[in-house]
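Undergrad: Mind folding the following:
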Amino acid sequence: MIRTLVVDDDFRVAAIHAAYVGKVDGFEVVAEAHSAAEAVEAVDRLRPDLMLLDLYLPDEHGLKLVGRLRDGHPPVDVIVITAAKDADSVRVAMQGGALHYLLKPFSFPVLRDKLLSYAQMRSGGAVAQRDRRRPVGGRGSRTHGDEPRHRPALPQPPARERPGRHQAPLRQRPPRARLPMACDHPPATMRLWDRDLG
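TA: Just a heads-up that it's a prediction; the model follows:
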């Protein structure tokens with residue numbers, strides 16, 4: 001089983017993504033995290049194989065979290081799940097070691113295909129892709145007995161997303177309430193989820 005951690009600040013979205021993952025053979029959800037701090041604690045404690053990561057978390061940008069997890073934490077593969085449609089965020093995430101990315105909202109078949117592609121890659125079915133996209137030092141990047149490889153610096157988020165001396169923090173909206181409301185999501189998204197989970 002591929003042990004999966006779902007990280008999203010929206011409790012409802014995290015639960016839906018976890019339900020999607022639970023429907024795919026060979027995958028199990030070991031935990032849901034709703035902040036970067038919870039994600040780090042879950043990675044250290046549970047040692048998941050895969051993390052489905054929303055980039056916009058209340059306490060830290062997901063790109064910074066990926067970089068932080070690469071130093072002194074158990075290795076974990078990352079699939080970025082985001083509503084950010086700008087090419088810079090996706091490019092930086094992929095350069096930073098994300099194996100795949102998904103734009104929200106997405107249907108169950110889209111996530112299922114990404115997960116099955118990841119499972120095939122883990123089993124050696126897509127070695128060329130794994131070698132190109134896997135972060136140096138990530139899970140499976142070296143064989144038993146190899147010396148650890150040097151880890152290159154993680155690319156920084158695009159300039160407009162980095163807080164400067166006179167800029168607001170990355171996350172300007174206040175944290176959502178603990179109990180998400182159905183009205184937080186567009187009707188089309190709600191219909192998509194109802195169809196996939198119903």
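Undergrad: Spatially nearest residue to residue 83, not counting backbone neighbours?
TA: residue 104 (4.6 Å; Cβ to Cβ, 6 or more residues apart in numbering). All C-beta spots, glycine's among them, are computed from the backbone N, C-alpha and C.
Undergrad: Please disregard the earlier target; I meant residue 76.
TA: Using Cβ to Cβ, 6+ apart and skipping the chain neighbours, the partner closest in space to residue 76 is residue 51 (5.0 Å).
Undergrad: same check, this time on residue 82
TA: That would be residue 55: by Cβ to Cβ, 6+ apart, it lies 4.3 Å from residue 82.
Undergrad: Just name the shakiest helix or strand of the protein by mean pLDDT.
TA: helix 127-133 (a mean of 38; mean pLDDT, DSSP states H and E).
Undergrad: Can you give me the buried ones in stretch 12-23?
TA: 12-18, 20-21 (16 or more other Cβ atoms under 10 Å).
Undergrad: wouldn't residue 73 be in contact with residue 42 here?
TA: No - with contact defined as Cβ atoms under 8 Å, residue 73 does not count as touching residue 42 (10.6 Å).
Undergrad: Name the residue in these two with the higher neighbour count.
TA: residue 42 (20 against 12; other Cβ atoms under 10 Å).
Undergrad: Residue 1: what's its closest spatial neighbour, skipping adjacent residues?
TA: The shortest distance from residue 1 to any residue other than its chain neighbours is 4.7 Å, reached at residue 28 (Cβ to Cβ, 6+ apart).
Undergrad: shouldn't that neighbour be in contact with residue 6?
TA: No - applying Cβ under 8 Å as the test, residue 28 and residue 6 come out as separate, 11.2 Å apart.
Undergrad: By residue count, which helix of this structure is the longest?
TA: When the chain is parsed with DSSP state H, its longest helix is helix 108-122.
Undergrad: what is the mean pLDDT for it?
TA: Taken as a whole, helix 108-122 carries a mean pLDDT of 95.
Undergrad: what do you get for stretch 83-99?
TA: For stretch 83-99, the per-residue pLDDT averages 78.
Undergrad: and what of stretch 20-36?
TA: Rounded mean pLDDT across stretch 20-36 is 97.
Undergrad: any idea whether residue 28 is helix, strand or coil?
TA: Here residue 28 is strand, with the state taken from DSSP: H, G, I helix; E, B strand; the rest coil.
Undergrad: No further queries at this time; thank you.
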